[in-house]
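A.B. asks: Sequence and predicted model, in that order:
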Amino acid sequence: MTATLTGRRQTGPRFLHRGALAWLRRTARNRRRATPVRLPPSHTNKAISLGLAMVSVILFGQIINIVIISQVQHSTTQTRLFEELRTGLAEGSAPLGQTDHTGALVAPGTPLALLSIPALGIQETVVEGTTSRELMDGVGHRRDTPLPGQSGTSVLMGRAAAYGGPLGQLTRLAPGERFTVTTGLGVAEFEVMGHRRAGDPGPSIPTGDEGRLTLTTAAGAAFLPDGVLRVDAKLLSKAFPKTAPVLYPASLEAAELPLGSDTSDLVGLLVCLELLILAAMAAVWSWYRWGQRETWLVFLPMLGALSVLTGTQVSLLLPNLL
């Protein structure tokens, strides 16, 4: 009788209750499985996000480079150029015209004059050439014009904001203000005649031993030039002798004219960009495989140096009076 009872299917109230509980548990489990679960982002998404963040940092670094770091570069370069110019003036080897003592054209970037404008607190070493590369160093002398202090019209060009912005305050230079330019020929004194922009009439062409000097920079808001500003000055001191010109306006390249850009080193820009991208990719890989602290320690100086190099190459493509 006992065996018979145990072999039958037990359907009493106790076993019905257990079956209902089991069914409820299964239903609850199924509902939990059907509820969507927000999964954490994959490693690929994290890598993309980190890569985009580094690109943003690099772009921000380019802005910092031209706004802040370029000022430091200009100051450092000016210190070196002033020492070279002082040595050249003391030794009598400073350029006296478009050519040097050997008859060769003065090399672009050569220091050849000292511009002193007391009213603006400017004392700037002037270099030969007016491309973006030369104007990173300081005020540049347009190569097809005579030296300041010689008869004729000499032209000096300088940046308005980036790399020290040496001529960024020219609008404050009022007519009648005086300043000097020192070259290997001596000290020439000038008096401001007035300002002009595109379309404004210029001063009369100097004749005989008359001398002129035109200071040129970008007009408009800082880093957003909308034209060219020129300040004309007349020579007060006696004009220095000059040799026959070798260069003429047609001899200049477009990069040497106001607001010109230098495209002569696109290969250097490409190499810097490639190195910067490779370093950024390596930093992303190191972030996951090596560690965050180690990545910052190793790659931050590397990315900073490459950003400065790339920023310098990019600046060559920007207007030379920026």
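C.D. replies: Arrived safely. Residues are numbered from 1 along each chain as shown.

A.B. asks: buried ones in the longest helix along the chain?
C.D. replies: For the chain, the helix with the greatest residue count under DSSP state H is helix 292-317. In terms of neighbour count (16 or more other Cβ atoms under 10 Å), helix 292-317 has its buried residues at 295, 299, 303, 306-313, 315-316. (C-beta placed from N, C-alpha, C; glycine too.)

A.B. asks: Return the closest of those residues with respect to Thr77.
C.D. replies: Thr312 (11.8 Å; Cβ to Cβ).

A.B. asks: so what's that closest one up against?
C.D. replies: By Cβ atoms under 8 Å, 6 or more residues apart in numbering, the residues touching Thr312 are 65, 136.

A.B. asks: what secondary structure does the residue nearest to Thr310 when sequence neighbours are not counted sit in?
C.D. replies: By the measure of Cβ to Cβ, 6 or more residues apart in numbering, the closest residue to Thr310 outside its immediate chain neighbours is Cys272, 4.2 Å from it. The three-state label for Cys272, taken from DSSP: H, G, I helix; E, B strand; the rest coil, comes out as helix.

A.B. asks: Touching, Cys272 and Leu309? I think so.
C.D. replies: Yes. Look at Cys272 against Leu309 with Cβ atoms under 8 Å: they come within range, at 5.0 Å.

A.B. asks: show me the residues around Gly208 that make contact.
C.D. replies: Contact criterion Cβ under 8 Å, 6+ apart gives Ser151 as the residues in contact with Gly208.

A.B. asks: actually Pro95, not the one I wrote
C.D. replies: Residues touching Pro95, when contacts are defined by Cβ under 8 Å, 6+ apart, comprise 106, 110, 112, 128, 147, 183-184.

A.B. asks: which residues in this protein form helices?
C.D. replies: With DSSP H as the criterion, the chain has helices spanning 2-7, 13-34, 43-64, 70-91, 132-137, 266-289, 292-317.

A.B. asks: rewinding a little: pLDDT of the longest helix of the chain, averaged?
C.D. replies: When the per-residue pLDDT values of helix 292-317 are averaged, the result is 83.
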